[in-house]
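1. Fold the following for me, if possible:
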Amino acid sequence: MESSVATPVITINASRGWTAVRMDQLWEYRELLYFLIWRDVKVRYKQTALGASWAIIQPFFTMVVFSLFFGKLAKVASDGVPYPIFSFTALVPWTFFANGLTQSSQSLVASSQLVRKIYFPRLIIPFSSMLHSLVDYFFSCVVLALVMAWFQFYPDWRALALPGLTFLTLLTATGVGLWFAALNVRYRDVTNIVGILIQVG
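-> Now for the predicted structure:
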């Protein structure tokens, strides 16, 4: 005898106007969020010769260029801080913001096949793209600590603001990234606009 239990049907309707962010749904689907973050990390470093080193190459070589042109040639003041540390300290959070914003703004379009197949909170995709950038940020912070040790420069009590700065950067990049991700679904020009804005920044 066949069971007569009805299969639940979920109907998704487009929201109108301003709607609240359902953070409870993100917690409910936290396992999927973790899986997507891990997937992005593996895809990023799979079949690369340098692996996680790519996370630090961009800010490191930018630091070298800044130190040569602004520190040595232009003699830009750094308030007594060695110029490589002065520039790298600013480049680490900026690179985190720029990479997170770029990846999250393109995430919905890149995962369009997944979005069409199953139901889950769509916020998870930009969130996972942003959170996986924390891995690169962690490696960059380790390199910054090594650069400070090389120059025998040790931070004072203001270094305690680092967790707050990290959270604020994550929050800002996520907010802007969600906005651009939604726009990018309708207007593909957004990808180019984000690239230009990051270069200007």
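2. Test my guess that Met130 contacts Ser104.
-> Yes: taking CB atoms under 8 Å as the definition, Met130 is a contact partner of Ser104 at 4.6 Å. (Glycine included, C-beta is placed from N, CA and C.)
3. Need the overlap of contacts for these two.
-> Common neighbours of Met130 and Ser104, counting by CB atoms under 8 Å, 6 or more residues apart in numbering, are 173-174, 177.
4. Neighbour-wise, which one of those leads?
-> Counting neighbours by other CB atoms under 10 Å, Gly177 leads these with 26 neighbours.
5. Quickly note the distance from the nearest residue in space to Leu33 that is not next to it in sequence to Gln199.
-> Using CB to CB, 6 or more residues apart in numbering and skipping the chain neighbours, the partner closest in space to Leu33 is Ile124 (5.2 Å). Here Ile124 is placed at a distance of 29 Å from Gln199 (CB to CB, to the nearest Å).
6. of the two, who's got more company?
-> Between Ile124 and Gln199, counted using other CB under 10 Å, Ile124 has the larger neighbour count: 20 against 8.
7. Does the more buried one touch Ile37 like I think?
-> No: using CB under 8 Å as the test, Ile124 is too far from Ile37 to be in contact (9.7 Å).
8. Keep only those of the shared contacts of Met130 and Ser104 that are in helices.
-> 173-174, 177 (DSSP state H).
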